[in-house]
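Visitor: coordinates only, sequence not included:
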């Protein structure tokens with residue numbers, strides 16, 4: 001299991017200044033819901049946005065982090 005604060009730290013290292021909200025969906029620590037708000041998403045497709053968030057988590061996705069529901073938006077889309 002990866003701590004939610006570690007996940008937040010990794011995403012913020014890749015997307016400085018982003019607003020990252022994480023919620024444990026079922027209470028087991030490996031099924032999470034994350035909302036990432038960042039101006040860097042402007043003009044990018046959903047796939048590109050998700051890849052930007054997944055990149056710093058690639059070593060834990062599918063393992064310690066079993067499931068991640070992800071929403072990526074710009075501040076204007078908030």
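Guide: Noted; the coordinates are in hand. Everything quoted here is computed from the prediction, not taken from an experiment.

Visitor: ok now do residue 42, which residues does it touch?
Guide: For residue 42, the contacting residues are 74, 76, taking CB atoms under 8 Å, 6 or more residues apart in numbering as the criterion. Every C-beta, even on glycine, is put in place using the N, C-alpha and C of the backbone.

Visitor: how close does it get to residue 10?
Guide: 22 Å (CB to CB, to the nearest Å).

Visitor: Likewise for residue 76?
Guide: Applying CB to CB, one obtains 25 Å for the distance of residue 76 from residue 10.

Visitor: Of those two, which one has the most company?
Guide: Comparing residue 76 with residue 10 by other CB atoms under 10 Å, the one with more neighbours is residue 10, at 19 against 9.

Visitor: Quick check, residue 52 in contact with residue 14.
Guide: Yes - the criterion here is CB atoms under 8 Å, and residue 52 meets it with residue 14 at 6.6 Å.

Visitor: Looking only at neighbour counts, state which of those two leads.
Guide: The neighbour comparison of residue 52 against residue 14 (other CB under 10 Å) goes to residue 52, with 19 against 16.

Visitor: Strands along this protein, start to end?
Guide: Chain-ordered strands for the chain, with DSSP state E as the definition, fall at 19-24, 31-37, 67-73.

Visitor: Need those strands in a markdown table (columns: mean pLDDT, distance to residue 56 and mean neighbour count).
Guide: Putting the strands of the chain into a markdown table (pLDDT from 0 to 100; distance: least, CB to CB, whole Å; neighbours: other CB atoms under 10 Å) gives the following:
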| stretch | mean pLDDT | distance to residue 56 | mean neighbour count |
| --- | --- | --- | --- |
| strand 19-24 | 97 | 11 | 13 |
| strand 31-37 | 96 | 11 | 18 |
| strand 67-73 | 96 | 12 | 16 |
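
Visitor: May I see these organised as CSV, with distance to residue 4 added?
Guide: Below are the strands of the chain laid out as CSV (distance: least, CB to CB, whole Å):
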stretch, distance to residue 4
strand 19-24, 5
strand 31-37, 7
strand 67-73, 11
